[in-house]
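In: build me a model:
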Amino acid sequence: MQGKKEYQEKLFSQFQLSERVPEHNFYRRLKEVLDLDFLYPLTKCYYGESGQKSIDPVVFFKLCLVGYLENIISDRDLIQHSSMRLDILYFLGYDIDEELPWHSTISRTRQLYPETVFEDVFTRVLAMCVEKGMVSGHTQAIDSAPVKANASMDTLELKVPKEDLEAHLHQIRHISAMDKEPAGIRKSRHNKAPKAQQEISATASELRAIKSRNKKWRKDQDQRPGAGNKGSKYTSNKTHYSPTDPDARISVKPGKARKLNYMSQLSVDTGHHVITDIKAYHADGKDSQCLPDICNRLEKRLHKQGLLWHNCIADTGYSSGENYAYLEEKGLRSYIPPHGTYKGGPYGFEYHKENDCYTCPQGKTIPFKKVFFEKKNNTKKKEYRALKHVCVDCPIRSQCLGKSAQEKKFTVTFYREEYERNNARVNSPRGSYMKGKRQSTVEPVFGTLTQFL
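Out: Numbers count the residues shown, from 1 in each chain. Down below sits the predicted model:
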């Protein structure tokens, strides 16, 4: 017999969320193990003693967690989505007839708490993972990825020099089509950048390099189809800034358009892929420049949890002699492949540690002369130089010195021994194992965060 369902709302009904949410539901299980009561004393100082009660801090952080798990970045959509899910309402501690907080309350509360509160919450959650045996601590894999900023390339402004802008630009560079303010380009309503960021801080040599690039860019790009599209113009952090998001920086990956990004640095424990440290940096910096700050912060956090850190795994972007020396000083074993430019000295020359000198293929000694800092990258180097009479009658003089040089002179990184010890670890069987650990640990975590969340 065919049935036909007829719906009529009941005036009175008996309903309990605890009976409707299954025992195996993820949010029900999470509610049973996640204890966030420490948030009450942690955030009490940010509220007054009188007035209307604000949102429960535990509810706020649970909503933030739901937004992450459900991949929702809009507070308005988050509240709407949560109100339609019985399991999420049960997780938050709300009944079906209770109204969730207004979406703007979420935004205001997020601005109310300083960064230290979110840092403490992260540390407490990590401690919960440690208690469950999910963090080993001895091996940490570090990697980075650009994260797109919520700012448009169309709103970029030229940095203003202290002298007259137009006169200055006439001297140093050609004005590109983007900077001539064509019709239809959006401009920001408010300039949030500090005054120091709005002024050009580049040196004369850097500005000359930018001038050369702009000439070539104008010749190659401006007349091509699609040259007026967003991101097709050459822009530099030396001459442009974002007034809507001063923390965003222009960055580019090979084969992709220039965008305003942040640089996210992530550390993952190799035990069960638990994130042990994460922070956003300016996207115009190098990975190698961020490593000491990451290690210092990560070491303190792991030590606080009673864990000992022994191995640091990262890719070539974190390679530098300063980093190798820093990690050895910390008592850490680095497994960071060196840059392809590292050779440890000229080809065919043999190094002698006891006398700190090199021997050329003809058996001549090239002694150490001085230590200096290279201006281009401010890297510490050692100079080796032979006396002029040593190379006068050398049979391979022309191949070794070229046409104009009178004596053999070359520079080597100051941290040669640190490089060699790191390279020995990287090229060992354990180094191959650590490379596989990095590829199977931090890269999948970053891929999930950037592609799906």
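In: now the residue nearest in space to the middle of the chain. Nearest residue, chain neighbours left out?
Out: Nearest to the geometric centre of the chain sits S264, at 2.5 Å (C-alpha atoms, centre = their mean). Distances taken as C-beta to C-beta, 6 or more residues apart in numbering place V147 nearest to S264, at 4.8 Å, with adjacent residues excluded. (Glycine included, C-beta is placed from N, CA and C.)
In: name the element the one you found belongs to?
Out: Assigned by DSSP states H and E, V147 falls within strand 139-148.
In: by contact count, what packs against that strand?
Out: In terms of contacts (3 or more C-beta pairs under 8 Å, 6 or more residues apart in numbering; DSSP states H and E), strand 139-148 is packed against strand 259-269, helix 287-304, strand 311-313, helix 429-451.
In: can you say which of the ones you listed is nearest to F12?
Out: Between F12 and the helices and strands packed on strand 139-148, the tightest spacing by C-beta to C-beta is seen for helix 429-451, at 46.3 Å.
In: I'd like the average pLDDT over the closest one.
Out: On average, the pLDDT along helix 429-451 is 90.
In: ditto for stretch 293-308
Out: Stretch 293-308 comes out at a mean pLDDT of 93.
In: same check on stretch 69-85?
Out: 93.
In: how about stretch 150-169?
Out: Mean predicted confidence for stretch 150-169 is 71.
In: which SS state does P367 fall under?
Out: Using DSSP: H, G, I helix; E, B strand; the rest coil, the structure places P367 in strand.
In: leaving out chain neighbours, which residue sits closest to it?
Out: C357 is the one closest to P367 (C-beta to C-beta, 6+ apart), at 4.7 Å.
In: ok, S54 next?
Out: Y47 (6.4 Å).
In: T123 now?
Out: Using C-beta to C-beta, 6+ apart and skipping residues adjacent in sequence, the residue nearest T123 is R301, 6.2 Å away.
In: contacts only, for that neighbour.
Out: Counting by C-beta atoms under 8 Å, 6 or more residues apart in numbering, R301 makes contact with 123, 126, 276-277.
In: between those residues, which sits nearest K253?
Out: Checking the contacts of R301 one by one against K253 (C-beta to C-beta), the nearest turns out to be D277, at 23.2 Å.
In: I'd say that closest one and S264 touch.
Out: No: D277 lies out of contact with S264 (C-beta atoms under 8 Å); the separation is 11.1 Å.
In: one step back: tell me the bridge partners for the residue nearest to P367.
Out: Per DSSP bridges, the residues bridged to C357 are H352, P367.
In: next, find the distance separating it from Y419.
Out: Distance of C357 to Y419, computed by C-beta to C-beta, to the nearest Å: 18 Å.
In: so these two - more neighbours on which side?
Out: Y419 (21 against 16; other C-beta atoms under 10 Å).
In: got the phi and psi for that one?
Out: Dihedral pair for Y419: phi -60, psi -50, per degrees, to the nearest 10.
In: so where is this protein shaky, pLDDT-wise?
Out: Within the chain, the segments meeting pLDDT under 70 span 161-189, 195-196, 201, 210-211, 213-234, 255.
In: go with 80
Out: For the chain, the stretches with pLDDT under 80 are 1-3, 5, 7-15, 158-235, 253-257, 340-343, 376-377, 402-404, 450-453.
In: would you state the strands of it in chain order?
Out: 139-148, 157-158, 240-241, 249-251, 259-269, 275-282, 311-313, 333-335, 350-352, 357-359, 365-374, 379-385, 409-413 (DSSP state E).
In: for the fifth one, C-alpha coordinates in CSV please.
Out: Spelled out, that is strand 259-269. What follows is strand 259-269, C-alpha atoms only, in CSV (Å, rounded to 0.1, in the frame of the first residue of the first chain):
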residue,chain,number,x,y,z
LYS,A,259,50.7,38.2,-6.0
LEU,A,260,50.4,39.7,-2.6
ASN,A,261,51.3,36.9,-0.1
TYR,A,262,52.4,36.0,3.4
MET,A,263,55.0,33.4,4.0
SER,A,264,53.9,30.6,6.3
GLN,A,265,56.6,28.7,8.1
LEU,A,266,55.5,25.3,9.5
SER,A,267,57.1,22.7,11.7
VAL,A,268,55.7,19.2,11.9
ASP,A,269,56.6,16.3,14.3
